[in-house]
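Visitor: This is a predicted model, with the sequence first.
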Amino acid sequence: MTTKQNLETGPGPQGAPGLWLQNTTHLKWLKRQSRSLWSFFDASLQNGPGFSLLDVQGNPLPTQVQELHTTARLVHSYAFGCVHGHVGAQNIVDHGMAYLNRCHKDPIHGGYVWSLKGDTVADGTKLAYGHVFVMLAAASAKLAGHSDADDLLDDINDVLDRYFWEEDVGLFCDEWSRDWAPFSSYRGMNANMHGVEALLASYEATGREIYLTRAGRILDFFTNKMAPAENWRLPEHYSSDWTIDRKYVGNHMFRPAGTTPGHSFELGRLLLQHWDLSGRPASDAP
């Protein structure tokens, strides 16, 4: 049985036949999970600039430094809430889009600063990790019909093209200072993995082939070049020429040393999505 046949006729939840995404029980479960998450994070919306960070009970945390990926992923998540009719989702998308454009966006140097406290810059570093999430937010907002989505997508495209995309290797570099002065030679898998996520979302929102092509180049590097050579344990950290930096020890949250199995799972899911969006070519079946 081919991979495509497995996807279409394999067992669903609790042994039910057929594709999971056509299984009524599974779809109801997905909707319940989505609505519970939207309902929980509704409390993030606040009157001032930005969002409230929440503890596990949904109460605002005392430290309110808003990082770019959090703002962007709220926009992304609630754009889906808009599509699925979640009450109040539009307010969060509008609030997040305004915060991206008015506060995270750097009016002096361009690009998007990493973190804010209210409307004041806390960390002006320019990270690919954050910028690809802005692309994801813009693409998702476009799919939800937001009026500012096209402008945001155009702007983040320009920034990523100018400062982060390395055409010779087909990968994103990682980090700059606020004024775009270089301060490290670090290259990493995580920003590129989320870059694939953003590129595929942008392809779905616009149909522009460049997004699909670039996502494919990133996937090819990690899944066809690096993974087989490393016994399928993908290294996270690289030097400027994209050789593995095996001694790298970075931030334990965003850049833990060695390999991160969860990122490999995410990349595998994105590989499947790319294959699907590419028309499911038989020679490239996962």
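Guide: Arrived safely, thanks for sending.

Visitor: Could you list the residues in contact with whichever strand or helix holds residue 272?
Guide: Secondary-structure assignment from DSSP states H and E places residue 272 in helix 261-277. For helix 261-277, the external contacting residues (Cβ atoms under 8 Å, 6 or more residues apart in numbering) are 189-190, 193, 196-197, 200, 203-204, 212, 215-216, 219, 222-223, 232-234, 236, 281, 284-286. Bear in mind the C-beta positions are built from the backbone N, C-alpha and C, glycine included.

Visitor: In helices only, show me the residues you listed.
Guide: Mapping the contacts of helix 261-277 onto helices (DSSP state H) picks out 189-190, 193, 196-197, 200, 203-204, 212, 215-216, 219.

Visitor: Check those residues and tell me the two furthest apart.
Guide: Greatest spatial distance among the ones in helices among the contacts of helix 261-277 (Cβ to Cβ): 189 and 204, at 22.8 Å.

Visitor: which one of these two has more residues nearby?
Guide: residue 189 (23 against 16; other Cβ atoms under 10 Å).

Visitor: Mind pulling the model confidence for the nearest residue to the more buried one once chain neighbours are set aside?
Guide: Excluding the flanking residues, the one nearest residue 189 by Cβ to Cβ, 6 or more residues apart in numbering is residue 236, at 4.8 Å. Per-residue pLDDT puts residue 236 at 95.

Visitor: from memory residue 236 sits against residue 251, does it?
Guide: No. Look at residue 236 against residue 251 with Cβ atoms under 8 Å: they stay out of range, at 11.3 Å.

Visitor: can you give me the helices in this protein?
Guide: Using DSSP H, helices in the chain cover 3-9, 24-41, 68-83, 89-99, 128-143, 149-159, 189-206, 209-219, 227-229, 261-277.

Visitor: Let me know which of the ones you listed is tucked in deepest.
Guide: helix 128-143 (a mean of 26; mean count of other Cβ atoms under 10 Å).

Visitor: Give me the helices and strands touching that one, please.
Guide: Other elements packing on helix 128-143 under the criterion 3 or more Cβ pairs under 8 Å, 6 or more residues apart in numbering; DSSP states H and E are helix 68-83, helix 89-99, helix 149-159, helix 189-206.

Visitor: Give me the contacts around stretch 78-94.
Guide: For stretch 78-94, using Cβ under 8 Å, 6+ apart, the contacting residues are 31, 34-35, 38, 41-42, 44-45, 51, 74-75, 96, 137, 140-141, 143-146.

Visitor: In terms of packing, which of residue 236 and residue 251 has more residues around it?
Guide: Remark: of residue 236 and residue 251, residue 236 carries more neighbours, 20 against 7, as counted by other Cβ under 10 Å.
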